[in-house]
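K.L.:
One predicted model, sequence on top.
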Amino acid sequence: MRQYFANLPLLDYKGVKLRDLMSHAALTRQVLQQGIMFYPYTLQDGDTSTSIAYDYYGSVEYDWLVLFSNQIVDPVFQWYMSQDDFDNYIEANYGSLTAAMSTVHHYESAPGGLQYTPTSYQYNPTGLDENGIPLYPVDCYTWETQQNEARRSIKLINKQYASAIALELEKKLA
């Protein structure tokens, strides 16, 4: 990953040289919209971008490609957490698992449906959504679990394209 970020252009910000991470966003859109074949992958506890790069691409130097293909900028908070890491995260953010389970994150009428914040729900005298369907509370633990599980499924750029994409990005960033 170090090699990828080393190729990003430098900006001068108040006398400090910084890497232009916004060029990453533009490149991400360009490369990921080219119809490249992707390989779906389900993360297991302990998987890291480095271990996947080594196992799938044959080199740890492609760890940035694992992150890039999933538009992950922050591999700490945008990566799937193991159960132990997840429990620690919940305790750090909510105080305890019990507190997370007893705190309402939002209300919804169906999984993945329209969401109402606790504040907007309190001003809804009917407790129904716009279609007359009852709203049910979703606690913070359930919501955080859903978010973490969603990060488990990633996509990898087909290994036959890995070196070509690396060269293409180098050219665009040069």
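P.N.:
Nice, I can see it.

K.L.:
who are the neighbours in contact with the residue sitting nearest the centre point of the chain?
P.N.:
Computing the C-alpha centroid of the chain and ranking residues by Cα atoms, centre = their mean puts residue 78 first, at 3.7 Å. Contact analysis of residue 78 by Cβ atoms under 8 Å, 6 or more residues apart in numbering lists 72, 151. Where C-beta positions appear, they are placed from N, C-alpha and C, glycine not excepted.

K.L.:
Please apply the same query to residue 110.
P.N.:
So residue 110 contacts residue 133 (Cβ under 8 Å, 6+ apart).

K.L.:
Look up which helix or strand it falls in, please.
P.N.:
According to DSSP states H and E, residue 110 maps onto no helix or strand at all.

K.L.:
ok, residue 105 to residue 113 distance?
P.N.:
14 Å (Cβ to Cβ, to the nearest Å).

K.L.:
Just want to know which of these two has more residues nearby.
P.N.:
In this view residue 105 and residue 113 are compared by other Cβ atoms under 10 Å, and residue 105 has more residues nearby, 18 against 14.
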